[in-house]
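Chemist: Here's a sequence, model it:
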Amino acid sequence: MIHVYNNKYERIGSISNDTEKGIMYYDDVLTTSIDSALYTFEFKIPKTNTRNSIIAVGNLIEEFTPEGKQTLQVITSIKENTNDKTVFCEDASINMLNGYVDAIEPPKTNEAISYYVNHIIENTGWNLGLVQSEETLKLEFGQQQRRLERILQIAKEFGVEVSFEVDFEAGSPPRMHINFLKERVEDFKGFRVSSDDLLLGIERNVDLYNVITKLKVRGAQQQSVSEGSSDKPNTPEPVKPEPRPEVNTKNNKAIQWAHETGKRRLPYTWGGNGPNGYDCSGFVVAAWRAAGVSIPGRPTTQTMWNQQGPFKRISQSELVPGDLIMYDTGYTWPGDANHVGIYLGDSLSAPNSVIHAGDPVGIVQRANSMSIVGYIRVIQ
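Modeler: Residues are numbered from 1 along each chain as shown. The predicted structure is shown next:
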């Protein structure tokens, strides 16, 4: 259940699909980015509910992420059509972080993160939380900056990531904390993805130098051979891959566009149609339009799954590269097709078998690492 508060932090209602007292909602997406560490939340509500008046610009939304992290969002804008309202929310932290902080003289000796951050959050109501760095540096900030800009700059200099936390109870102002966490990357410079994001069931490579998860080995285990033994280890017969279906030129063009766009590392943008940001359906539609397929209007995952427009449901056995995979990421009701990606081929369990709009756009991963609802073919 998602609670709604006024600007005095008084609870004035709730958003819920599980109780008659709550306002029904759908197409909800909670996102965060390593670039800002702030959350955004967008959702839709039907206009038929008389309690919709509590959904007003300036009111607050309290929501917990799938990991149980508390977030507090402020409603920044609302768009309406005949049937529903689309509500856009931003992390309430942005109000403080958009303020300015003065220049400071460089310290005479190297200092820890706390030295620089305490200057930023003084008299703001914010607190310095967990700091996973013992490094000390001599940094210089010779001009006025926005607080968020300086916080992110400090994190970059110390090689850590920022995480904002809120501790909030109805009737009292929220208590805010800034954490500086160790960067969580492995083989290459990447980005943090958690279950707060659209991606679920993330794969990772594990080796002797980075043993952080239990490694489950596929296939038969090779028997050890003692020194001097003539016995040969049992080697499993290689599995012959099934013949790959023929893929036409437009399928390849859509896939090529998706990969090229992925190199730009654009941010996931709710309702985004490009060129500077996409959501999942916007990304897929743009790929197929780039391949020369006429797709009218602005399809969503719902219209694709309902076969409205040039979209046809197919079975898994019919799946070829370029077809669409529909997912349930858990952000709406169970079994709902609320996310979509482009199938890249070989098999659903292959390491790089789907490309889709995460954050950033164009993430490639194992196709069955998320909960699959079904499959769609774009009619050419």
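
Chemist: the bottom helix or strand of this structure by mean pLDDT?
Modeler: helix 94-97 (a mean of 67; mean pLDDT, DSSP states H and E).

Chemist: Could you point out the longest strand of this protein?
Modeler: If you go by DSSP state E, the chain has its longest strand at strand 70-80.

Chemist: shaky segments in the protein?
Modeler: For the chain, the stretches with pLDDT under 70 are 19-20, 33-36, 95-98, 184-248, 330-334.

Chemist: Map the structural domains onto the sequence of it.
Modeler: 1-197, 249-378 (automatic domain parsing).

Chemist: can I get these in a markdown table with mean neighbour count?
Modeler: For every residue, glycine as well, the C-beta is placed using N, CA and C. As requested, those are exported to a markdown table (neighbours: other CB atoms under 10 Å):
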| stretch | mean neighbour count |
| --- | --- |
| domain 1-197 | 16 |
| domain 249-378 | 19 |
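
Chemist: hang on, the earlier thing: mind listing what whichever helix or strand comes after the least confident helix or strand of the chain pairs with, with the direction of each?
Modeler: Per DSSP states H and E, the first helix or strand lying C-terminal to helix 94-97 is strand 100-101. Strand pairing for strand 100-101, determined by DSSP bridges: strand 145-146 (antiparallel).

Chemist: returning to that earlier point: what sits up against the longest strand of the chain?
Modeler: 30, 39-41, 47, 55-65, 85-95, 165-168, 174 (CB atoms under 8 Å, 6 or more residues apart in numbering).

Chemist: do stretch 309-323 as well
Modeler: Under CB under 8 Å, 6+ apart, the answer for stretch 309-323 is 245-247, 250-252, 254-255, 293-297, 299, 303-305, 307, 324-325, 342-345, 348, 374-380.

Chemist: Among those residues, which lie within helices?
Modeler: 250-252, 254-255, 303-305 (DSSP state H).

Chemist: a markdown table please, covering these and showing distance to G335.
Modeler: Putting the ones in helices among the contacts of stretch 309-323 into a markdown table (distance: CB to CB, whole Å) gives the following:
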| residue | distance to G335 |
| --- | --- |
| K250 | 30 |
| N251 | 28 |
| N252 | 32 |
| A254 | 27 |
| I255 | 28 |
| T303 | 17 |
| M304 | 15 |
| W305 | 11 |
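
Chemist: any idea how far stretch 310-322 is from the chain center?
Modeler: Distance of stretch 310-322 from its chain centroid, counting by CA atoms, centre = their mean, to the nearest Å, is 26 Å.

Chemist: Can you give me the end-to-end span of that stretch?
Modeler: End-to-end distance of stretch 310-322 (CA to CA, to the nearest Å): 14 Å.

Chemist: before we move on, what about stretch 311-328?
Modeler: Termini of stretch 311-328 sit 18 Å apart (CA to CA).

Chemist: mind checking how far it is from the chain centre?
Modeler: Using CA atoms, centre = their mean, the offset of stretch 311-328 from its chain centre is 23 Å.

Chemist: And for stretch 130-142?
Modeler: On the basis of CA atoms, centre = their mean, stretch 130-142 sits 28 Å off its chain's mean C-alpha point.

Chemist: oh, and call the first residue 372 from now on, that's how I've got it
Modeler: Right, with 372 as the first residue, what we last looked at is stretch 501-513.

Chemist: Check the separation of the first and last residues in it.
Modeler: End-to-end distance of stretch 501-513 (CA to CA): 27 Å.

Chemist: outside of stretch 711-722, which residues touch it?
Modeler: 574, 612, 615, 618, 625-626, 629, 651-652, 655, 658, 672, 675, 687, 690-698, 723-728, 735-739, 743, 746-747.

Chemist: Figure out how far that stretch is from the centre of its chain.
Modeler: 19 Å.

Chemist: Send me it as PDB with only the CA atoms.
Modeler: The C-alpha coordinates for stretch 711-722 follow below in PDB (Å, rounded to 0.1, in the frame of the first residue of the first chain):
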ATOM      1  CA  VAL A 711       9.200  -5.600 -23.000                       C
ATOM      2  CA  GLY A 712      12.500  -6.400 -24.600                       C
ATOM      3  CA  ILE A 713      13.900  -7.600 -28.000                       C
ATOM      4  CA  TYR A 714      14.900 -11.200 -28.300                       C
ATOM      5  CA  LEU A 715      18.500 -11.600 -29.600                       C
ATOM      6  CA  GLY A 716      18.500 -15.300 -30.200                       C
ATOM      7  CA  ASP A 717      20.100 -18.700 -29.500                       C
ATOM      8  CA  SER A 718      18.000 -19.500 -26.500                       C
ATOM      9  CA  LEU A 719      16.100 -17.900 -23.600                       C
ATOM     10  CA  SER A 720      18.900 -19.100 -21.200                       C
ATOM     11  CA  ALA A 721      21.800 -17.800 -23.300                       C
ATOM     12  CA  PRO A 722      23.800 -15.100 -21.500                       C
END
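
Chemist: Show me the helices in the stretch 572-721 of the chain, by range?
Modeler: If DSSP state H, counting those that start in this stretch is used as the criterion, the helices of the stretch 572-721 of the chain fall at 620-633, 651-661, 672-676.

Chemist: Now render these as JSON lines, adding distance to E528.
Modeler: What follows is the helices of the stretch 572-721 of the chain, written out as JSON lines (distance: least, CB to CB, whole Å):
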{"stretch": "helix 620-633", "distance to E528": "29"}
{"stretch": "helix 651-661", "distance to E528": "33"}
{"stretch": "helix 672-676", "distance to E528": "40"}
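
Chemist: So for G393, which of those helices sits nearest?
Modeler: In terms of CB to CB, the element of those nearest to G393 is helix 672-676, at 21.3 Å.

Chemist: Which elements pack onto the closest one?
Modeler: If you count contacts as 3 or more CB pairs under 8 Å, 6 or more residues apart in numbering; DSSP states H and E, helix 672-676 packs onto helix 651-661, strand 682-685, strand 695-698, strand 710-714, strand 743-749.

Chemist: out of these, which comes closest to R382?
Modeler: R382 sits nearest to strand 710-714 of all the helices and strands packed on helix 672-676, at 31.0 Å, using CB to CB.
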